[in-house]
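*Asks:* here's a sequence, model it:
(4 chains)
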Number of protein chains: 2
Amino acid sequence: MSLATLRSPRKRKGHGAERRQEILDAAMVLIAQQGVHAVSTREIAAAVGISQPALYAYFATRDDIMAELCEQAFESLRTRLENVGDLEPGESTVRLMCRAYLAFGLEQPNAYRIAFMIEKPSHDPDHDPAGDRALAAGVATYSVFRRQIERCALAGLTRHVDVDLLTQTGWATLHGLVALMIARPSFPWAERDRLMAAHIDHFVRAIMASPSGSAGK
Amino acid sequence: MSLATLRSPRKRKGHGAERRQEILDAAMVLIAQQGVHAVSTREIAAAVGISQPALYAYFATRDDIMAELCEQAFESLRTRLENVGDLEPGESTVRLMCRAYLAFGLEQPNAYRIAFMIEKPSHDPDHDPAGDRALAAGVATYSVFRRQIERCALAGLTRHVDVDLLTQTGWATLHGLVALMIARPSFPWAERDRLMAAHIDHFVRAIMASPSGSAGK
DNA sequence: ACTGATAGGTTATCAGTGATAAATGATGAT
DNA sequence: ATCATCATTTATCACTGATAACCTATCAGT
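*Replies:* Next up, the predicted model:
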């Protein structure tokens, strides 16, 4: 009818959840290109081909988009950890899981940032559905990690048997290296591969009862 | 909150570096109260009693204020690590240093955030004086940490003798726990004291040659 | 075929942000 | 007393996330 409305390259009508995922995908691509803080709602909307307020039909706030991406990042890491498989519990499996974790963080720093390093300003004690779902995804990922440790603990391979304590300090150990290397790339780090290998050695040495870790170089 | 009401009566001319530090102090207080992201340049200016553009006579950008606070946070941590003292090198000294690190991070989360968890959007290859000074302060703090590890290494108390590798993975280990607990407080963490103690045990176990770490709970 | 409801979208606008330019005002030297 | 200087202010810019109000297809029901 009115040709004047064709000025902008308006796209077809999205079918509900499709467009929702379109938005998430566009946001992730932009974030991967420009970093988390540099992407605005207007850029995301333009990438999808809709106006900026249209986003708010699918997400209550910008942070909700981030929370959803956080959830997806957690699930990405979770499948990666699950792909380590249910080999027999032992040091080599633990090493594989550590490698998978570090690889995820260093290969997809933006996903890692969103999952672990973006602080949510929401301190509302009110319901925060998006944040809750992200937290649940984080706990689910944690559970995969924990399961491997637990199997080692049940086999008597760990230094002690408080599985949550082992898992949390172990996870924190891995997170520390990834987070610091992402947040402070200017620091004069040692060579990456040696650093990763040493860190995994330290992990195994800290957690396992009788590690076969290389003691020297 | 109306910013105008927070504004103290206009002050007299500032005396160079005095006012500069006034700004930094006000910024740090506000950040400690409201968090890093929630503090605007207008709030900082109002707290000092000047107009918002007046800040730019002392700092080129808001990020420069943050970089300066980052530098001060690093120095605060450095003195804390130095206060561990130059006792004889050994496991107990290392434990003290770990405790000092974790205590700093958990007691002053905002200073810790500024020092380690705020990513600078400046990717300019151009000169970035403020960022450079912050990095230098970080390296200086790293050196204090490194010195203790080095003394242990020279005494033959560490698992191997690549001091930078030991220090960097060790530092990352400590950072991981602090950063995760700060960034994800909603996670169902184990009890804090036990977690800290276990983490320090893991650190010692990973770094030292013959740790006396408690093996059970 | 008309009606109304509704999903999906738009334009216009708001308050707040970091930052800049130009006008103001006090200070200190001459 | 005059003038230059510099700290500081007012006014403003472009941009941000978010809201209000208004269009416009599409579709179900009579």
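
*Asks:* is there proximity between stretch A:152-164 and chain B?
*Replies:* Yes - using Cβ under 8 Å from any Cβ of the partner chain, stretch A:152-164 reaches chain B at A:R159, A:H160, A:V161, A:D162, A:D164. C-beta here means a position set from N, CA and C on the backbone, and glycine is covered the same way.

*Asks:* what pLDDT does the closest residue to A:N83 other than its chain neighbours get?
*Replies:* Leaving out its chain neighbours, the residue that sits closest to A:N83 by Cβ to Cβ, 6 or more residues apart in numbering or on different chains is A:A100, at 7.2 Å. At A:A100, the model reports a pLDDT of 97.

*Asks:* which elements pack onto the host helix or strand of A:A100?
*Replies:* Using DSSP states H and E, A:A100 sits in helix A:91-107. The contact analysis (3 or more Cβ pairs under 8 Å, 6 or more residues apart in numbering or on different chains; DSSP states H and E) places helix A:91-107 against helix A:62-82, helix A:109-112, helix A:129-154, helix A:163-183, helix A:192-207.

*Asks:* buried ones in the last one, by neighbour count?
*Replies:* Meaning helix A:192-207. A:195-207 (16 or more other Cβ atoms under 10 Å in any protein chain shown).

*Asks:* can you check the third one too?
*Replies:* By neighbour count with 16+ other Cβ under 10 Å, helix A:129-154 contains the buried residues A:130-131, A:133-135, A:137-138, A:141-142, A:144-153.

*Asks:* setting aside sequence neighbours, what's the nearest residue to A:S210?
*Replies:* Using Cβ to Cβ, 6+ apart, the closest residue to A:S210 is A:L157 (7.7 Å).

*Asks:* was I right about A:I149 contacting A:L165?
*Replies:* No - using Cβ atoms under 8 Å, A:I149 is not in contact with A:L165, being 9.9 Å away.

*Asks:* if we can go back for a sec, now the helices and strands packed on helix A:91-107 as TSV including distance to B:P185 and mean pLDDT?
*Replies:* Converted to TSV, the helices and strands packed on helix A:91-107 look like this (distance: least, Cβ to Cβ, whole Å; pLDDT from 0 to 100):
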stretch	distance to B:P185	mean pLDDT
helix A:62-82	15	96
helix A:109-112	19	95
helix A:129-154	11	93
helix A:163-183	13	97
helix A:192-207	24	96
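
*Asks:* what's the domain layout of chain A?
*Replies:* Domain ranges of chain A: A:12-58, A:63-207, per automatic domain parsing.

*Asks:* count the neighbours of A:A115 for me.
*Replies:* Residues within reach of A:A115, counting by other Cβ atoms under 10 Å in any protein chain shown, total 25.

*Asks:* quick revisit: what's the most buried one of the domains of chain A?
*Replies:* Sort the domains of chain A by mean neighbour count, taking mean count of other Cβ atoms under 10 Å in any protein chain shown, and domain A:63-207 sits at the top with a mean of 19.
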